[in-house]
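*Asks:* predicted structure and sequence below. I'll ask about it afterward.
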Amino acid sequence: MPGRAARGHSPPRSGRRGGDRHSVALHGLRRPGLELALTTADFDNPRFPGGIAETTSGSTGRGIPVRYNWPFLAAETAEELLLLASHGLQDAPLAFWMPGPPGIAGLHNLLAHAKLGRPPERWFSTSPAPRRDEGLAFWVDRGWRAARRLFPRLGPAPEWVPAERADEVAGWLACSPRPAVLKCFASSALRVAGAATAAGLDLSRHVIFAGGEPLTEERRHFLARAGLRVYARYAATETGFIAGACPFGEDGGEMHLYADPFALIGPEPGGPAAPLAFTTLSLAAPKVLLNVELGDHGRLRRRSCDCALGRAGLSWHVRDVHSPTKLALEWVKLGELDFARLVEEAARDLGGNPDELQIWIGTGAGGASRITLVLAPGAAVDPAALERRLRERLPSLSGGALAAKLWFDSGALAVERRPLRLGPGQKMRRIDAPLDRREGASAHARSGIIHSVAWYHSQAT
């Protein structure tokens with residue numbers, strides 16, 4: 001597939017993925033006459049063996065551990081400062097509405113802002129503090145709370161503010177004497193907008209940077225009606241921060257690509273969305289990657305811009321980033337197939353017929369992502385029993401412990417009894433999703449994902 005590579009000020013270079021494809025997987029690399037046994041740890045940057053541990057969402061299998069080192073976080077801090085400066089917000093009051101431990105998104109952002117010397121004033125957490133019986137997550141949370149008492153510059157400890165208390169977050173923004181910044185998930189931004197509208201709060205002076213879920217046109221319109229200025233951010237555990245929204249873009253969804261730490265191969269500029277493949281260039285990168293697809297699709301174009309990001313030479317723009325093979329709700333991403341398999345097993349264990357169950361992927365009020373597990377009217381499975389079983393089973397997936405709490409409690413995941421939907425030819429799909437999502441997932445499956453092992457291929461040849 002034709003693509004473009006972007007790095008700093010260099011001209012785009014044409015490339016083609018798949019012309020020299022090999023049978024690869026995380027457990028090994030196999031070529032004619034060569035076989036290498038590999039583990040995910042083989043792709044860790046050998047220059048920085050320590051650091052802060054994170055884990056990928058595991059959307060294509062088990063989560064992959066990633067370690068961030070301090071030089072890497074320092075580079076991200078420079079990108080974050082450029083983003084804030086481009087919006088005139090480098091000195092603005094800041095808050096997060098992100099999960100606390102065991103979720104990593106909040107801690108990652110907190111460390112970047114602590115390095116910047118501008119930690120958030122508040123950290124609203126969409127997840128409650130871990131209990132003692134939750135093992136490592138409990139001790140990570142307690143360790144962080146102890147560390148920030150000794151080093152206040154690290155910023156605040158997370159305070160639980162679930163989805164139904166979005167008015168508290170909206171109130172913090174409204175009470176700020178000057179323009180403030182909130183970092184949160186796209187679906188959380190919708191809740192803030194809804195709470196502000198219900199309470200009659202004016203949030204037009206403030207800015208929300210939203211990531212983790214696509215900032216779709218429907219969502220942008222809903223947020224604009226509430227008077228909010230919301231801009232997209234793009235990050236991945238394997239690469240860190242990838243792109244930040246341009247203040248002069250067509251809308252809040254157009255982002256400057258942080259092209260110094262990595263090169264990117266993607267669609268032809270101005271063309272339709274296609275898979276994005278990353279190659280790390282930074283010596284401090286947590287993983288050594290060569291043309292690695294992380295499961296995201298997006299659109300690219302190149303244009304000059306007079307914002308701080310554009311003046312720094314970041315002329316490549318990316319937008320409409322989405323993950324056809326991932327379910328992203330409430331700051332948690334799970335693999336679509338892994339989730340479907342778990343739901344089927346839970347229903348089977350409760351005596352259910354697999355043809356009496358369907359997973360509907362859609363949107364709720366204002367475009368918030370929503371998953372409905374639909375049981376046929378005559379299904380033997382009780383909806384409440386299926387919800388209880390899923391709350392028990394979801395923690396078996398990477399990221400599932402948070403999903404078990406956040407998805408059900410926020411209403412992003414529900415179990416209902418309804419007539420099932422039939423597709424073309426009166427065939428029933430296990431997963432019923434919008435057409436654009438199904439087509440994107442098919443294209444992604446055809447693209448032949450290469451996970452991290454390409455680095456070994458380059459060394460072997």
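*Replies:* Now that the structure is in, tell me what you want to look at.
*Asks:* look up how far His221 lies from Glu157.
*Replies:* Quick fix: residue 157 reads Ala, not Glu. Distance, Ala157 to His221, by Cβ to Cβ, to the nearest Å: 36 Å. For glycine as for every other residue, the C-beta is placed from the backbone atoms N, C-alpha and C.
*Asks:* which one of those two is surrounded by more residues?
*Replies:* Ala157 (17 against 12; other Cβ atoms under 10 Å).
*Asks:* so which bits of stretch 75-89 are buried?
*Replies:* 75-77, 79-87, 89 (16 or more other Cβ atoms under 10 Å).
*Asks:* tell me which of those residues is nearest to Thr325?
*Replies:* Within the buried residues of stretch 75-89, the smallest distance to Thr325 is 26.0 Å, found for Glu76 (Cβ to Cβ).
*Asks:* my read: that closest one touches Gly240, true?
*Replies:* Yes. Under the criterion of Cβ atoms under 8 Å, Glu76 makes contact with Gly240 at 5.3 Å.
*Asks:* going along the chain, name the strands of the stretch 101-250 of the chain.
*Replies:* Along the stretch 101-250 of the chain, the segments classed as strands by DSSP state E, counting those that start in this stretch run 122-125, 159-160, 181-185, 207-211, 229-236, 240-245.
*Asks:* please read the previous query as pertaining to the stretch 351-461 of the chain.
*Replies:* 357-363, 369-375, 413-417, 431-432.
*Asks:* nearest to Ala385, out of the ones you listed?
*Replies:* If we rank the strands of the stretch 351-461 of the chain by Cβ to Cβ, the stretch that ends up nearest is strand 413-417, at 9.1 Å.
*Asks:* just how off-centre is stretch 160-169 within its chain?
*Replies:* The chain centroid and the centroid of stretch 160-169 are separated by 21 Å under Cα atoms, centre = their mean, to the nearest Å.
*Asks:* coming back round to it: wait, which of the strands of the stretch 101-250 of the chain is closest to Ala414?
*Replies:* Of all the strands of the stretch 101-250 of the chain, strand 181-185 comes closest under Cβ to Cβ, at 18.3 Å.
*Asks:* what's the single longest strand in the chain?
*Replies:* Longest strand of the chain, by residue count under DSSP state E: strand 292-302.
*Asks:* re earlier: quick check, nearest of the buried residues of stretch 75-89 to Glu213?
*Replies:* Among the buried residues of stretch 75-89, Leu83 lies closest to Glu213 (Cβ to Cβ), at 18.7 Å.
*Asks:* how about low-confidence regions in the stretch 101-250 of the chain?
*Replies:* 102 (pLDDT under 70).
*Asks:* verify the stated contact: Leu350 with Ala384.
*Replies:* No. Look at Leu350 against Ala384 with Cβ under 8 Å: they stay out of range, at 10.7 Å.
*Asks:* the more surrounded of these two?
*Replies:* The neighbour comparison of Leu350 against Ala384 (other Cβ under 10 Å) goes to Leu350, with 15 against 9.
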